[in-house]
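Peer 1: Let me see the structure of the following:
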Amino acid sequence: MIIAFSKLIWNSWKHHTLITLFIMLSVLISLTFLTITMSAIQTQVDQIHYFTSTKTITFKKNAPITELEKLKAKWKEAQWIQAASITGNPRKLPIQYNDKISNYYISPYDPEQFQMNGRTDIDLKNNEVYISVQLASKLLGSDIHIENPKIIINNKPYIIKYIDKEALGDFITLNYKNAPYKNVESNNVQVVTTNDQAITKIMNDLKPYKPTLSDLETSTKKEAQQRITFLVVVAILLLMIALINFIQLYNYKLSLDENKWYMLTLLGANQRTVQLYMYVECLAICFIAFLLSGLEYVLFHQLIDSTILKQTFKLPVFIILNLVAMIVMMLIVGIFTKKFKMKFNF
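Peer 2: Residues are numbered from 1 along each chain as shown. Predicted coordinates for the structure are as follows:
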């Protein structure tokens, strides 16, 4: 029976190629936009989770990095925190590439900061820097595509290990333990903890530097919740548009095959046979759209060199949406079979 259905479906697609392609493209485009929207929602949920446990403490009086390192080790040993990041205050220093010397702000970073931000791909070692593409273009010019170019910061040699194509402004950072100057200081620290008592103890340890617990996390979570609300509305609208398009296009295609349905009923076809045919055809359409979406997903990652955009298009969300789409379309097919039952008196 499957072979017979396959021949019928193939013949139907050949006779109605344009409308069949429209249905497949409609499903493909709908899946793509829904995947991006749902992935963006997941990103915002992750951000809320991150800022629920991440606290920023700022100082009115600069604290030496060496002292903060000792406190960080103490907090971890006491299990008050899961992670902590110390960011050194930026300092304007001369940067030399070949014979060109320019002055830019250098930001000493805690390597753990990248881990806390989910950037596990970045691991700054000694004499390595992380730089924005904007500043890399200014410093390197036409040499920007050279692998690991060497620069000199305040008479100390470094290599450019990572060029961030999303970072805004003239941004350059390096491991604060290997800063090109002495006496690195900081005016803030980020800690990951859900223990309010631990925060009180940490604030007490930082008392000499006049600490203040920032409300940045609260405002950021509120903004993320607002974005989630907006994206959920967008996702619902996209889903409604996708379903309406599919219903109209598939209904039109079925109407083009009315002569075939009359012939099948004359040959003894019943509602179960017609329903099974529709299920097989619908699954075939979904499967081809799934394969095209998979190809699109691969090309998306290969051709678009953007970390943020790649993180927005999440593979698990993509697969789940495809499965949900198939289930929803099967339910729609059930509605069509009831319509054909009334029309052809099965």
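
Peer 1: contacts and neighbour counts: CA atoms only from here.
Peer 2: Fine.

Peer 1: Specify the residue ranges that define each domain of the protein.
Peer 2: As given by automatic domain parsing, the domain ranges for the chain are 2-48+222-344, 56-214.

Peer 1: Now the weakest link among those, please, by mean pLDDT.
Peer 2: Mean pLDDT values for the domains of the chain show the minimum at domain 2-48+222-344, a mean of 74.

Peer 1: Surely Thr35 is in a helix?
Peer 2: Yes: under DSSP: H, G, I helix; E, B strand; the rest coil, Thr35 sits within a helix.

Peer 1: Roughly how far does it sit from Lys7?
Peer 2: Distance, Thr35 to Lys7, using C-alpha to C-alpha, to the nearest Å: 33 Å.

Peer 1: what's the answer for Ser26, then?
Peer 2: Distance of Ser26 to Lys7, given as C-alpha to C-alpha: 24 Å.

Peer 1: okay, the two: which has more neighbours?
Peer 2: A direct count of neighbours by other C-alpha atoms under 10 Å for Ser26 and Lys7 places Ser26 higher, at 18 against 12.

Peer 1: Next up, the contacts around that one.
Peer 2: Neighbour list for Ser26: 242, 245-246 [criterion: C-alpha atoms under 8 Å, 6 or more residues apart in numbering].

Peer 1: cool, and Val129?
Peer 2: By C-alpha under 8 Å, 6+ apart, the contact set of Val129 is 158-162, 172-175.

Peer 1: for it, which residues make a bridge with it?
Peer 2: Bridge pairing for Val129 (DSSP bridges) gives the partners Ile160, Leu174.

Peer 1: Of the contacts of Ser26, just say which sits nearest to Gly294.
Peer 2: Gly294 lies nearest to Ala242 out of the contacts of Ser26, by C-alpha to C-alpha, at 18.6 Å.

Peer 1: Spell out the secondary structure type for Leu291.
Peer 2: Going by three-state DSSP: Leu291 is helix.

Peer 1: Burial check on it, number of neighbours?
Peer 2: 12.

Peer 1: again with Leu25
Peer 2: For Leu25, the tally of surrounding residues (other C-alpha under 10 Å) stands at 17.

Peer 1: ok, it touching Ala289?
Peer 2: Yes: counting by C-alpha atoms under 8 Å, Ala289 is a contact partner of Leu25 at 7.2 Å.

Peer 1: ok, longest helix in this protein?
Peer 2: helix 216-256 (DSSP state H).

Peer 1: on contacts alone, who are the packing partners of it?
Peer 2: When contacts are defined as 3 or more C-alpha pairs under 8 Å, 6 or more residues apart in numbering; DSSP states H and E, helix 216-256 packs onto helix 17-53, strand 54-64.

Peer 1: Of the ones you listed, which is nearest Leu231?
Peer 2: Closest to Leu231 of the helices and strands packed on helix 216-256 is helix 17-53 (C-alpha to C-alpha; 6.4 Å).

Peer 1: residues of the closest one that come out buried?
Peer 2: In terms of neighbour count (16 or more other C-alpha atoms under 10 Å), helix 17-53 has its buried residues at 19-20, 23-28, 30-45, 47-48, 50-52.

Peer 1: same deal with stretch 289-297?
Peer 2: Of all the residues in stretch 289-297, those buried under the rule 16+ other C-alpha under 10 Å are 289-290, 293-294, 297.

Peer 1: Straight-line length of stretch 180-194, end to end?
Peer 2: End-to-end span of stretch 180-194 (C-alpha to C-alpha): 35 Å.

Peer 1: List the contacts of it.
Peer 2: Residues outside stretch 180-194 that contact it (C-alpha under 8 Å, 6+ apart): 52-65, 80-89, 153-156, 176, 199.

Peer 1: Mind giving me the ChimeraX command for buried ones among the residues you listed?
Peer 2: Buried subset of the contacts of stretch 180-194, written as a ChimeraX selection, criterion 16+ other C-alpha under 10 Å:
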select :52,54,55,56,57,58,59,62,63,65,80,81,83,84,85,86,87,88,89,153,176,199
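
Peer 1: What is the distance between stretch 75-84 and the centre of its chain?
Peer 2: Relative to its parent chain, stretch 75-84 has a centroid offset of 29 Å by C-alpha atoms, centre = their mean, to the nearest Å.

Peer 1: And for stretch 130-142?
Peer 2: Centroid separation for stretch 130-142 versus its chain: 25 Å, with C-alpha atoms, centre = their mean.

Peer 1: who touches that stretch?
Peer 2: In contact with stretch 130-142 (C-alpha under 8 Å, 6+ apart) are residues 97, 100, 102, 124, 144, 160-174.

Peer 1: again, 10 Å this time
Peer 2: Outside stretch 130-142, the residues that touch it by C-alpha atoms under 10 Å, 6 or more residues apart in numbering are 95-98, 100-102, 104, 106-107, 109, 122-124, 143-146, 149-151, 159-175.

Peer 1: hey, C-alpha coordinates of it in CSV?
Peer 2: Provided in CSV are the C-alpha atoms of stretch 130-142 (Å, rounded to 0.1, in the frame of the first residue of the first chain):
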residue,chain,number,x,y,z
TYR,A,130,41.3,39.3,23.1
ILE,A,131,40.4,42.2,20.9
SER,A,132,37.4,43.7,19.0
VAL,A,133,37.4,43.6,15.2
GLN,A,134,37.1,47.4,15.1
LEU,A,135,40.3,47.9,17.0
ALA,A,136,42.0,45.0,15.2
SER,A,137,41.3,46.8,11.9
LYS,A,138,42.8,50.0,13.2
LEU,A,139,45.9,48.3,14.5
LEU,A,140,46.6,45.7,11.9
GLY,A,141,45.0,47.2,8.7
SER,A,142,45.4,44.8,5.8
